[in-house]
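Visitor: Model the structure of this input:
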Amino acid sequence: MSIYAGPPGGLPPQDALMTDRAIFTDAYAVIPHGVMRDIVTSLLPGWDRARAWILARPLSGFAETFAQMIVELEPGGGSDRPEPDSGGEGVFFVTSGTLRVTLDEVPHDLSPGGFAYLPPGARYSVRNTGDGPTTLHWIRKAYERVEGLDPPDALFSHDAELSPTPMPDTDGRWATTRFVDPCDLRHDMHVNIVTFEPGASIPFAETHVMEHGLYVLEGKAVYRLNGDWVEVGPGDFMWLRAFCPQACYAGGPGPFRYLLYKDVNRHPALRPPK
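Guide: Modelled structure (predicted):
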């Protein structure tokens with residue numbers, strides 16, 4: 001059974017060193033788990049008994065296509081209207097506790113590893129139905145409509161229910177758990193789980209148009225970001241702008257797994273959004 005990392009919260013002691021692995025550049029950012037403390041959380045309008053660590057948001061010189069946050073819900077906490085943007089689509093991925101997503105009055109209960117995709121305009125609520133806190137990732141994007149394509153349907157799944165797809169010529173040591181069909185052009189974003197066995201690698205500097213958000217669920221690796229090598233581990237978040245070169249080596253002793261966002265299946269825009 002997978003164990004999914006989460007923010008430590010709290011506050012470091014006064015005798016702790018302030019030096020950490022946090023990095024912010026024009027090409028990438030690393031937000032290590034150790035800086036995800038109580039004092040950097042945000043409250044969300046329309047949500048009760050909830051707080052959030054906002055990891056990425058559309059911002060000049062930072063993320064362009066998506067917002068990502070870790071939301072912590074107290075028992076009974078949640079929202080009856082989670083998404084404030086009528087054109088916003090979203091993914092929930094539960095890392096601890098229990099989450100009930102009620103879509104069109106039909107409840108769907110998610111445990112750790114649970115996944116939900118909610119299309120733009122969906123009528124749903126979210127609520128922690130357990131006795132302890134629930135922690136989840138909420139990844140949001142403004143849906144890019146295409147003439148002749150309807151928005152995707154809502155989707156509910158679970159990490160443990162899916163078989164990872166091995167990358168070619170890797171003997172299964174590098175594999176991707178895909179929650180949606182990659183050939184379904186209705187989807188303009190994918191949220192997957194990528195798994196590397198100890199010693200496995202991305203053996204070349206990937207350089208591509210997709211923007212990335214990567215959250216390390218478990219394990220450790222040395223990651224190549226632009227011209228730098230950085231060590232990352234459970235609970236660390238990385239943002240990679242489009243065309244930022246990337247590669248990695250998984251360090252072991254167990255698998256290295258991360259939740260991956262990327263924008264897909266759309267023509268490059270030639271003009272700024274209206």
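
Visitor: in the stretch 101-250 of the chain, which segments are predicted with low confidence?
Guide: Judged by pLDDT under 70, the stretch 101-250 of the chain has no weakly predicted residues.

Visitor: which residues in it form strands?
Guide: Listed in chain order, the strands found in the stretch 101-250 of the chain under DSSP state E, counting those that start in this stretch are 106-110, 114-118, 124-127, 134-142, 155-158, 165-166, 174-178, 189-196, 201-206, 212-218, 221-225, 228-232, 237-240, 246-250.

Visitor: can you tell me which of these comes nearest to residue 23?
Guide: Across these, residue 23 has its closest neighbour in strand 228-232 (6.7 Å, C-beta to C-beta). For glycine as for every other residue, the C-beta is placed from the backbone atoms N, C-alpha and C.

Visitor: now that closest one against strand 221-225, angle please.
Guide: What separates the directions of strand 228-232 and strand 221-225 is an angle of 150 degrees, with axes from the mean of the first three to the mean of the last three C-alpha atoms, to 10 degrees.

Visitor: ok, residue 14 - contacts?
Guide: For residue 14, the contact set (C-beta atoms under 8 Å, 6 or more residues apart in numbering) is empty.

Visitor: What residues does residue 42 make contact with?
Guide: Applying C-beta under 8 Å, 6+ apart, we find residue 42 in contact with 51-54, 69.

Visitor: which one of the strands of the stretch 101-250 of the chain lies closest to residue 46?
Guide: For residue 46, the closest of those is strand 124-127, at 10.4 Å, according to C-beta to C-beta.

Visitor: just checking, what packs against that closest one?
Guide: In terms of contact count using 3 or more C-beta pairs under 8 Å, 6 or more residues apart in numbering; DSSP states H and E, strand 124-127 is assigned the packing partners strand 67-79, strand 99-103.

Visitor: Among these, which comes closest to residue 250?
Guide: strand 67-79 (22.6 Å).

Visitor: on that earlier part again, looking at the helices and strands packed on strand 124-127, spot the one closest to residue 116.
Guide: It is, among the helices and strands packed on strand 124-127 and with distance given as C-beta to C-beta, strand 99-103, at 5.1 Å.

Visitor: Within the sheet, what are the partner strands of that closest one, with directions?
Guide: strand 106-110 (antiparallel), strand 124-127 (antiparallel) (DSSP bridges).

Visitor: Show me the contact partners of the shortest one.
Guide: Outside of strand 124-127, the residues that reach it under the criterion C-beta under 8 Å, 6+ apart are 73, 76-82, 92, 99-104, 118, 154.
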